[in-house]
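Visitor: Sequence plus predicted model, see below.
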Amino acid sequence: MTALLPLALFCELLALATRTRPLSVASGVLLSLFFVWHWRSLMPYPRRLALVTLGLLGYWLLSGAASWEQGQRLLAAAAYYGAFVGALGLMHCQAERLRPLGELHRRLLAGSPALLYPSYLLSTLTISSILSFGMLTLVCGSLERHLQHGGYSETQRREGRRGVMVTALRGFALVPLLAPTSVAVAILTRELPGLSWQALLPFGLLAALLLLLIGWPLENRRLRQLRRTESGETPAPPQSLRSLLLGSLLGIALIALLAAFTPLSATQAAMLLVPLAVVGVLRAQGEGFGAIHTQVRDTLAGMRNETFIFACSAVLGGLVAALVPVDVLVVYVGTSPLALFGLGSAGMLAVIALALLGVAPIISLNLCAALLAQLAAQGVAIMQPAVALLAGFSLAMLLSPYGPSALMLARHAGLSPWHIAFGWNGRFVLLALGPLLLVPLLA
């Protein structure tokens, strides 16, 4: 039954390329069949999310408001978000071949002492825009190897490890603000058709700049703990690292070009280009089509929990939007600048607060975006709230102790996820919250 996942992905990508909705619905059906069959293999959190969604689905069916047209939209939404995770997650097929990046830290730490934080931040942003969570695995794994052979004291290792991990996490948190491969951009641009990555990018750049300036004095001193004092020429970057950075930048450029000259959004362009690039590289490395299919199938099966959460949250958001009387909300929201600022601020704070309570940011963002789409249909301007949601999603990635990034860093650092979220990032988020609340006012 794991063969259903590559088939579902292929159907959705073909639907995007041909603008054929029945293929997207078919992809949603295939995903549903896979998860019904593999229900027992899901982790507790996705199961709880499924029970909530099934309860709301049952209420929607019994309410008399259900229709086949709406059902198709829900299936297509599940297929789209499931394919988003699957398509971009295929980069993990290459991540295994990129593990020998031991020179990554040596190269970055050889730069100017005053610029260590920006160097790490921008490097991890570039890599994670393509590899997503794979970046954290690469950075943490190569960091431990670097610390073992670096001759550091215990204090230097402790402070340096925290500095690198925190900076890597914050680089990863910049992806929603800047990269077309971000799931936050995928959600907002799909639910709000008049919105594009290009329109959001200027505000994302401003928010990213604020986050860089706030974190720079906090973490740069920790990164300097790992800087070597001996003289010598700056080492040339290893071929694998150079190829990864250049490939990431080239990929983003191709995505932007495809989005600019075709009807595809930047997210849809990424969903089509990444699998093609992965398959092309594997073929160039001598892999046969049978071996490539096996790798793709196993990679997609390994991401079943993430795929389920994304797909299920899309269905949950669609159900909430269908059941909430949005026309009543419009009366209370209004269209004045103050009302739009309040709406955006409430959405940002809601995403962050729900992340603290254990609700994955992807779920809360889906719910907010679905409601925002209904408000947009009633004539409410959505740019300010959309920018606020993007910023809130970025901060929620840092502050959620239940997110996969916090769990991954906690495992590598030997600390609790709560310590990662609050001890390492709490002060930073508090300092950043005020300035980021003001950024949507420029939209």
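Guide: Happy to help now that I have it.
Visitor: which residues touch Gly215?
Guide: Gly215 makes contacts with 117, 121, 167, 170, 428, as judged by Cβ atoms under 8 Å, 6 or more residues apart in numbering. For glycine as for every other residue, the C-beta is placed from the backbone atoms N, C-alpha and C.
Visitor: which of those residues count as buried?
Guide: Buried subset of the contacts of Gly215 (neighbour count, 16 or more other Cβ atoms under 10 Å): 117, 121, 167, 170, 428.
Visitor: ok, these vs Ala83, which is closest?
Guide: Among the buried ones among the contacts of Gly215, Arg170 lies closest to Ala83 (Cβ to Cβ), at 28.2 Å.
Visitor: From Ser32, how far off is the closest residue to Gln72 other than its chain neighbours?
Guide: Counting by Cβ to Cβ, 6 or more residues apart in numbering, Gln72 lies nearest to Val25, which is 5.1 Å off, once chain neighbours are set aside. Val25 sits 11 Å away from Ser32, taking Cβ to Cβ, to the nearest Å as the criterion.
Visitor: tell me the SS of the nearest residue to Met43 once chain neighbours are set aside?
Guide: Distances taken as Cβ to Cβ, 6+ apart put Asn305 closest to Met43, at 5.1 Å, once the chain neighbours are dropped. On the three-state scheme (DSSP: H, G, I helix; E, B strand; the rest coil), Asn305 is labelled helix.
Visitor: Asn305: neighbouring residues, count only.
Guide: 17 (other Cβ atoms under 10 Å).
Visitor: Can you pull out the low-pLDDT segments for the stretch 101-250 of the chain?
Guide: 101-103, 133-134, 150, 228-245 (pLDDT under 70).
Visitor: How far does stretch 430-443 sit from its chain's centre?
Guide: Relative to its parent chain, stretch 430-443 has a centroid offset of 20 Å by Cα atoms, centre = their mean, to the nearest Å.
Visitor: Could you list which residues are in contact with the residue nearest to Met43?
Guide: Asn305 sits next to 42-43, 45-46 when contact means Cβ under 8 Å, 6+ apart.
Visitor: How about Gln156?
Guide: Contacts of Gln156 (Cβ under 8 Å, 6+ apart): 225-226.
Visitor: buried residues in the helix or strand harbouring it?
Guide: Per DSSP states H and E, Gln156 falls inside helix 154-173. Within helix 154-173, the residues that qualify as buried are 156-157, 159-173, counting by 16+ other Cβ under 10 Å.
Visitor: How is the chain divided into domains?
Guide: 4-87, 92-226+236-302+334-442 (automatic domain parsing).
Visitor: Just send those domains back as TSV, with distance to Ala321 too.
Guide: Below are these laid out as TSV (distance: least, Cβ to Cβ, whole Å):
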stretch	distance to Ala321
domain 4-87	10
domain 92-226+236-302+334-442	4
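Visitor: Nearest to Ala314, out of those?
Guide: Comparison of these against Ala314 by Cβ to Cβ identifies domain 4-87 as nearest, at 4.0 Å.
Visitor: distance between the closest one and the chain's centre?
Guide: 19 Å.
Visitor: before we move on, the earlier item: which secondary structure element is home to the residue nearest to Gln72?
Guide: Judged by DSSP H and E, Val25 forms part of helix 21-37.
Visitor: which strands and helices sit next to that helix?
Guide: With contacts taken as 3 or more Cβ pairs under 8 Å, 6 or more residues apart in numbering; DSSP states H and E, helix 21-37 sits against helix 4-18, helix 68-89, helix 304-323.
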